[in-house]
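In: Let's see this in three dimensions:
(chains A and B)
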Amino acid sequence: MTHPTLATFRPATTEPDWMRRILIGLVIALLTVLLFAPLIAVFAEAGKRGLAFALQSLTDPDAQSAIRLTLTVAAISVPLNAAFGIAAAWAITKFDWRGKAFMITLIDLPFSVSPVVAGLCFVLLFGANSAIGGWLVAAGHPVIFAVPGVVVATMFITFPFVARELIPVMTEQGRAEEEAALTLGASGWRIFFTVTVPNIRWALLYGVLLCNARAMGEFGAVAVVSGKIRGQTSTMPLMIEMLYNEYLSVAAFTMATLLALLALVTLTLKSALEWRFADQLAASSRH
Amino acid sequence: MHIEIDDIAKTFGATTALHPVSLTIPSGALVALLGPSGSGKTTLLRILGGLEFPTSGRVLFDGFDATGLSVQERRAGFVFQHYALFRHMTVFENIAYGLRARARKSRPTNAEIERRVHKLLELIQLPDIAKRYPAQLSGGQRQRVALARALAIEPRMLLLDEPFGALDARVRKELRQGLRDIHDQTGLTTVFVTHDQEEAMELADLVVVMSMGRIEQIGKPTDISARPATDFVRAFISV
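Out: Residues are numbered from 1 along each chain as shown, chains lettered A, B, ... in the order given. All right, here's what the predicted structure looks like:
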């Protein structure tokens, strides 16, 4: 009689080898077709007439203005949304109040409403034909077809990211540590900075990174409220579309490459931080 | 410190957590609030610590009305049910937290903080764990660190919410004695909440049996087991 060797046993929770290979292969194939191939196609298209030619297209004043505007809008909307997101998550997880469920739904609204519809709502609200908009235009601060509108639309679209990341983490952590700090005599702000923020810093970072990626990439809502004025209210995504429609494919794809690279920088930053603080991350999630 | 609870009641919306209850805790006593879950014992403890405010009634500390005092002003050392240690801080920083949180003029120097933290670590008999994080400690060690953190602020009283609830039976017995020793050394008025009648009877000088937001009986452990005042007490302590 032959004894079965150890290798013939497999743990009950593991799939057979062939199954694992098929599943992993399937995922890799899908990632290649849906993620890597398009990215490489964009890079290739941008570089098909040489690097110098591609870079030349970025020196165009309208292109430079678009890059500046995208970075400015992100620089304004991301910190504000981080602050609002913390405030919303704090209100939802640390207190009990009437209308809490409604507030959670409200936070999700930008996810469920089509960005174009959101943009149109802002045009109705702040456009020159509305009461508020008429007053703003008369006061010399137009919102629609101007930079403030782009910022407002971007903030609306990216509002949920930080709050959505924070709410589950803060719910799971509960209020006990804050209460403990209270009994030890700490003031509200001290508790916020020494207990709350350190406990949510990873979720906060992910939220901010996602928020930033979306702020730079938003198209629909911004397209409606900005009026796509070249050199003034055109962001990078709008510029890419306009260039593409004018058959300036190298310029379009060079801009697209730059936008993709900005997103990749964000992702790399996140991975680098995860790798650098892996032990801390593991320690803080265990109990 | 002498604590006087005078007709304290607490409602949360439509539910009544505490009917008016009164209780006198003599200075330096070790008191158990004993009862099943939902009996209002934790609510009463949190009212003492200033984490909840009563709907009506007063709390007197040494004859002085403390009802309106904020948590920070009460200086109650509070040990939470799951200890609520700051997970991103070392044991040292956890214990030092209350000292560092003081206003600048009453804040001890770093050297003084270090001295006091180490003294507390010796008191809880864990002198070598200052650099560890809460996640690296056993349940019993966490409980003792939480106790040291509460003692660091030089509290006027010690309040513990189910201090042994999350521990296994052997560790529980050990730490019971530990709490008794610390109480006897510091002389602090100590109130702890438990649902374990054996624990209450063995450890406390005074046991307060609670049910459905009311105090059923107050007495020495021997009196309560010899002469239960109500059917509820009889049934509860015979479990």
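In: secondary structure class for A:Ser234?
Out: The three-state label given to A:Ser234 by DSSP: H, G, I helix; E, B strand; the rest coil is coil.
In: again with B:Ser27
Out: coil.
In: Over to the one 5 residues further on?
Out: Following three-state DSSP, the label given to B:Ala32 is strand.
In: Can you check what pLDDT the model gives it?
Out: B:Ala32 is assigned 95 on the pLDDT scale.
In: thought it was touching B:Val207?
Out: Yes - B:Ala32 is within contact range of B:Val207, at 4.9 Å (criterion: Cβ atoms under 8 Å). Bear in mind the C-beta positions are built from the backbone N, C-alpha and C, glycine included.
In: Give me the common contacts of the two.
Out: Taking Cβ atoms under 8 Å, 6 or more residues apart in numbering or on different chains as the contact rule, B:Ala32 and B:Val207 both touch B:Ala200.
In: Chain A contacts on chain B?
Out: With the criterion set to Cβ under 8 Å from any Cβ of the partner chain, chain B comes near chain A through B:49-51, B:71-72, B:75-78, B:80-82, B:84-88, B:97-98, B:101-102, B:133, B:135-136, B:149-150, B:152-153.
In: Next, the angle strand B:30-34 makes with the lengthiest helix in chain B.
Out: For chain B, the longest helix by residue count, based on DSSP state H, is helix B:169-186. With axes from the mean of the first three to the mean of the last three Cα atoms, to 10 degrees as the basis, helix B:169-186 and strand B:30-34 are set at 140 degrees to each other.
In: helices or strands next to helix B:169-186 in the packing?
Out: helix B:139-152, strand B:157-161, strand B:189-194, helix B:197-203 (3 or more Cβ pairs under 8 Å, 6 or more residues apart in numbering or on different chains; DSSP states H and E).
In: Do me a favour and average the pLDDT over stretch B:123-136.
Out: The model assigns stretch B:123-136 a mean pLDDT of 91.
In: One more: stretch B:228-239?
Out: Stretch B:228-239 comes out with an average pLDDT of 88.
In: contacts for it?
Out: Residues contacting stretch B:228-239 (Cβ under 8 Å, 6+ apart): B:Leu34, B:Gly35, B:Pro36, B:Gln197, B:Met201, B:Val209, B:Ser211, B:Glu216, B:Gln217, B:Gly219, B:Ile224, B:Ser225.
In: Could you confirm the last one falls within a helix?
Out: Which is B:Ser225. Yes - assessed by three-state DSSP, B:Ser225 belongs to a helix.
In: Can you list the low-confidence ranges for the chain?
Out: Just so you know, I chose chain A. Filtered on pLDDT under 70, chain A yields the residue ranges A:1-10, A:279-287.
In: um, chain B though
Out: Using pLDDT under 70, chain B drops low at B:239.
In: chain center to stretch B:141-151, what's the gap?
Out: 11 Å (Cα atoms, centre = their mean, to the nearest Å).
In: Correction: the previous question concerned stretch B:220-239.
Out: 23 Å.
In: thinking again about what came up before, quick check on the contacts of stretch B:228-239: which are buried?
Out: Buried residues within these, counting neighbours by 16 or more other Cβ atoms under 10 Å in any protein chain shown: B:Leu34, B:Gly35, B:Gln197, B:Met201, B:Val209, B:Ser211, B:Glu216, B:Gln217, B:Gly219, B:Ile224, B:Ser225.
In: Now the second one. Its backbone dihedrals?
Out: Meaning B:Gly35. Phi and psi for B:Gly35, reported as degrees, to the nearest 10, are phi 170, psi 170.
In: Please name the bridge partners of the residue nearest to it when sequence neighbours are not counted.
Out: Sequence neighbours aside, B:Met210 is the residue nearest to B:Gly35 in space, at 3.6 Å (criterion: Cβ to Cβ, 6 or more residues apart in numbering or on different chains). Note on B:Met210: beta-bridge partners by DSSP bridges are B:Ile215.
In: and which of the buried ones among the contacts of stretch B:228-239 is nearest chain A?
Out: Of all the buried ones among the contacts of stretch B:228-239, chain A sits closest to B:Gly35, with 21.4 Å by Cβ to the nearest Cβ.
In: Please enumerate residues in contact with stretch B:161-175?
Out: B:42, B:45-46, B:78-83, B:138-140, B:143-144, B:147, B:176, B:179, B:192-196, B:199.
In: any idea which element residue 21 lies in?
Out: Unless you meant another one, I'm taking chain A. Using DSSP states H and E, A:Arg21 sits in helix A:17-31.
In: ah, no, chain B please
Out: Applying DSSP H and E, one finds B:Val21 within strand B:15-25.
In: is it true that the residue nearest to B:Gly35 touches B:Thr42?
Out: No - counting by Cβ under 8 Å, B:Met210 sits too far from B:Thr42 to count as a contact (9.9 Å).
In: Those two: who's more crowded?
Out: B:Met210 (27 against 21; other Cβ atoms under 10 Å in any protein chain shown).
In: pretty sure B:Val145 contacts B:Phe80?
Out: No - using Cβ under 8 Å, B:Val145 makes no contact with B:Phe80, being 11.9 Å away.
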